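S.K.: Pasting the sequence and the predicted model now:
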Amino acid sequence: MTERNKSKKILLLYVLISLAFLVFLSVMLLTVIKQRHMPSIYAKESSRAQRGNIISADGFHIATTKKLYKAVVDTRYIDPQKRELFIKLFSIYSGMSPKAIKKRLSRRKGVVVLSYNVPQIQAQYLKKLSYELRRFKVFLALKNPRTGLRSVHGLSVIESGESREYPYGRLLTPIIGYPHKIEDNGYTSIRGVKGLERRFDADLAARQDGFSRGKRDVNSYIILNKESFTKPKINGLDIKLTIPVSLQIRMEKLLDNAKTELEAKQIMLAIMDSSTGKVYAMASSNRYLPKSIHKSDYPSLNSGMIEYSFEPGSVLKPITFSLLLEHKLVNPYDLVNGHNGRFKMGRKVITDEHKFDWLSAENVIVYSSNIGIAQLAQKLSGYEFNNGLKRFGFAQKSTPDLIYEKVGSIPSSKRLENEIYKATCAYGYGIRANLMQLMRAYSVFNNNGKMVTPQIVAGFIDEYHQEKKIDPVEAQTVLRSATAARVKKILIKTVNKGTGKKAITPGLIIGGKTGTAHIVEKGKYIHKYNTAFMGFANDKQHKYTIGVIVIQPKKSHFAAQTAVPVFKKAIDIMIEEGYLKPDIVQ
C-alpha cells in the first residue's frame, strides 16, 4: 500500500514538473514570437534639400530659401504643476506671447501645433529647450493603455517646409518672377511661376534629400561606420546673374522718379554690353513684392521688357536705312524731297513734325523725317525688307534666359511690296517689337555689324561652390562692318545735331535715335503715345547698348522730352558707378 501511494506521488510530481516545463516553454515561445517594445539599436535621420538661390553679379542674394519648422506638443503629457513654467519658457524661446500660447493649449487636449512658421535658427533653440524640459521633468511619463508601457512625449520641433525670401523686396521684379507653394505630405515646397524662378525652376529645384541610417550610441546619434548608410543632401543650383544690385537699385530709383515726373504708365530701361550681350541693368518702374502680390500688382507681373510688344516708331528708321545701305540702294549724301512736311502716297498722307524742303539721306535719320524714309524705303523689295528685319532678330526670341516672350510681328514679303505698308513699316508702324529685341538690333551698329544676344544669367553654382559659367551666344553677322560704321556715325550725328541733343555727354561717344508712336485701341490709333530712345554710350574701353521705353507719358508725347532725359540720367549714373569713364582733359 505504501509502495502504491509512493508511486502515485512520484507520478503526480512528474506530471506537475511536465506541466511546469510546458508552461515555461510556452512562455518562452510567446516571448520570442511576440512583438516587443524595446528601444531600437538603430537610428535614422533625414534632411530636406533646399531650392537654390538667385545671386547678383556683385554677390548679393536676391532670392533665397529658408527652412520652416513647426513646434508640436501633446498637452496630455504636460505636468499640470509645471504648465506655467512650460508656457513662460516656450514664450522666451519662441517669441510668442504667453497669452497666445495659452490660447492654443486650451483649444484641445492632445497634439497641438503651437507654431507653424518657426525659422531655422529659432528651431535650434526650441530643440535645446525640448531637451531641458525633459531634464526638468516638465513632461510626465504616461502609461499606454494598449501596450502597458510608459512613455514621454515632449516638445517636438519638426521640419514643415520652406519659404522663399526676397531680401531686397521689389528689386529686379518682374525679371526674377515669383513662386507658389506646393503641399506634399505636410511639407510645403516652392515652385516658380514667372520670370527666372519659372525659367530655371528645374535647375533651382532641390536635387536630392539627405538620409542616414545606422546603429545609434547612448545619445541616439548615428554611429558612422562601414555598417551605416548615408545619402548626401544635394541642394538646387544657385543662379549667378550678370546684373549687379548696386547699379540696378539706382536705375530703378531713376525710373520711379521719372514715372512720377512724366506721369507715365510705365518706364523701362535696359543696359547691355554691345560686344558680349551681358546685361548690366534691366529695370522697370512697375514692380511688386513677390511674397505679397495684390490685385493692383497684376499688370506688373509680366516682364514688360519681353512681354510688352509695341509699334516702335522712328527708332526703326536706322534699321530701314541700314538695309538700304547694305543693298547699296542709297548714298548718305543723296538728296531727298521733304515736300514741306506733307506728302501724299496713294490714299495716305504722311506728315513730318518739322517741315523740310530738301535734305540729305542721312539727315532723314538725323532729323527723323517720316516723308524721307517712306520714299527711300520704296527702293527695297518686299523680300529684302522682310528678310532684313528677320536678320535683325524681329519676330524672334531675344534671349534664352526669360520665358513667355511676345515676339511681335513683321509684315510679310508680299505685304511689303505694297508702297503704303513699305512706307509705314520704314518708320516703325505695322511692326511690333519689344525692348530686348530693339536692344539686340541696336547692338549691331555698335559692334561692327554683329548682333549679340542679351545674357542675364552668367552661370550656375553647385553644392561645392564651383561656378559653371554660361558662354555667350555666338554673335550673328547682320551687316557689313562698313555699313554698321556708317549708321553708327549717323546716330552720333543724331545726338550731336538732331533729335537726341539732350543725351550729349562730354568725353563719351553717344549715339541714338528717338521714336514716338501712336497707340492702337480697338483697331484705331488714338492720341496716346509710347516714346523711345535707343542708342549707345562708349568710352575708350567699354561699349554699351542702352534703351529706354516710356509708355503713355501724359506730360509730353515727344521722345526728346521723355525718353532722352531718362537715357542721359542713366549715363550719368553709369559714370558715377564707374561703368563709363569720360575722356575729358582737365
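M.R.: Good, I have the coordinates. Please read all numbers here as calculations on a predicted model, not as lab measurements.
S.K.: Leaving out the residues flanking it, which one is nearest to residue 229?
M.R.: Excluding its sequence neighbours, the residue lying closest to residue 229 (C-beta to C-beta, 6 or more residues apart in numbering) is residue 213, at 4.9 Å. C-beta: built from backbone N, CA, C; applies to glycine.
S.K.: Three-state assignment for that neighbour, please.
M.R.: Secondary structure for residue 213, judged by DSSP: H, G, I helix; E, B strand; the rest coil, is strand.
S.K.: That one and residue 156, how far apart?
M.R.: Per C-beta to C-beta, to the nearest Å, residue 213 is found 20 Å from residue 156.
S.K.: do residue 541 as well
M.R.: Counting by C-beta to C-beta - residue 541 and residue 156 are separated by 60 Å.
S.K.: average model confidence for the helix or strand hosting residue 491?
M.R.: Using DSSP states H and E, residue 491 maps to helix 481-497. What helix 481-497 shows for mean pLDDT is 97.
S.K.: what do you get for stretch 370-378?
M.R.: Rounded mean pLDDT across stretch 370-378 is 96.
S.K.: Please renumber the chain so that the first residue is 54 from this point on.
M.R.: Shifting the count to begin at 54 puts that one at stretch 423-431.
S.K.: quick one: buried residues of it?
M.R.: For stretch 423-431, a neighbour-count test (16 or more other C-beta atoms under 10 Å) marks 423-430 as buried.
S.K.: can you redo the residues you listed as TSV with secondary structure?
M.R.: Shown next, in TSV, are the buried residues of stretch 423-431 (three-state DSSP):
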residue	secondary structure
423	helix
424	helix
425	helix
426	helix
427	helix
428	helix
429	helix
430	helix
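S.K.: tell me which of those residues is nearest to residue 165?
M.R.: Nearest to residue 165 among the buried residues of stretch 423-431: residue 423, at 73.7 Å, using C-beta to C-beta.
S.K.: How about the contacts made by that closest one?
M.R.: 367, 403-405, 480 (C-beta atoms under 8 Å, 6 or more residues apart in numbering).
S.K.: which one of residue 594 and residue 209 has more residues nearby?
M.R.: residue 209 (16 against 7; other C-beta atoms under 10 Å).
S.K.: now for the helix or strand containing that one, which elements pack on it?
M.R.: Using DSSP H and E, residue 209 sits in strand 208-218. Here strand 208-218 touches strand 114-127, strand 164-172, helix 173-188, strand 240-245, going by 3 or more C-beta pairs under 8 Å, 6 or more residues apart in numbering; DSSP states H and E.
S.K.: of these, which approaches residue 607 most closely?
M.R.: Across those, closest to residue 607 is strand 114-127 (C-beta to C-beta), at 32.5 Å.
S.K.: so what strands line up beside the closest one?
M.R.: Applying DSSP bridges, strand 114-127 is found paired with strand 107-108 (antiparallel), strand 164-172 (antiparallel), strand 208-218 (antiparallel).
S.K.: Just send the ones you listed back as a markdown table, with distance to residue 224 too.
M.R.: A markdown table is the format used below for the strands paired with strand 114-127 (distance: least, C-beta to C-beta, whole Å):
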| stretch | distance to residue 224 |
| --- | --- |
| strand 107-108 | 11 |
| strand 164-172 | 22 |
| strand 208-218 | 13 |
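S.K.: Which one of those strands lies nearest to residue 381?
M.R.: strand 107-108 (47.9 Å).
S.K.: from the chain's centre, how far out does the closest one sit?
M.R.: Offset of strand 107-108 from its chain centre (C-alpha atoms, centre = their mean, to the nearest Å): 9 Å.
S.K.: what comes into contact with it?
M.R.: With C-beta under 8 Å, 6+ apart, strand 107-108 has contacts from 114-117, 229, 249-250, 257, 291-294, 514.
S.K.: what about the residue lying closest to residue 480 once chain neighbours are set aside, distance to residue 193?
M.R.: Of all residues not flanking residue 480 in the chain, residue 423 sits nearest, at 4.7 Å (C-beta to C-beta, 6+ apart). Distance from residue 423 to residue 193, counting by C-beta to C-beta: 88 Å.
S.K.: Show the low-confidence segments of this structure, by residue range.
M.R.: The model of the chain has pLDDT under 70 over residues 54-59, 80, 83-98, 200-201, 269-277, 279, 638-639.
S.K.: still on that earlier bit, so which of the strands paired with strand 114-127 is the most packed in?
M.R.: Compared across these, strand 107-108 shows the largest average neighbour count, a mean of 23 (mean count of other C-beta atoms under 10 Å).
S.K.: circling back: show me what the helix or strand just after the helix holding residue 544 is packed up against.
M.R.: Next along the chain after helix 534-550, taking DSSP H and E as the criterion, comes strand 562-574. The elements that strand 562-574 packs onto, with contact taken as 3+ C-beta pairs under 8 Å, 6+ apart, are helix 534-550, strand 577-591, helix 616-629.
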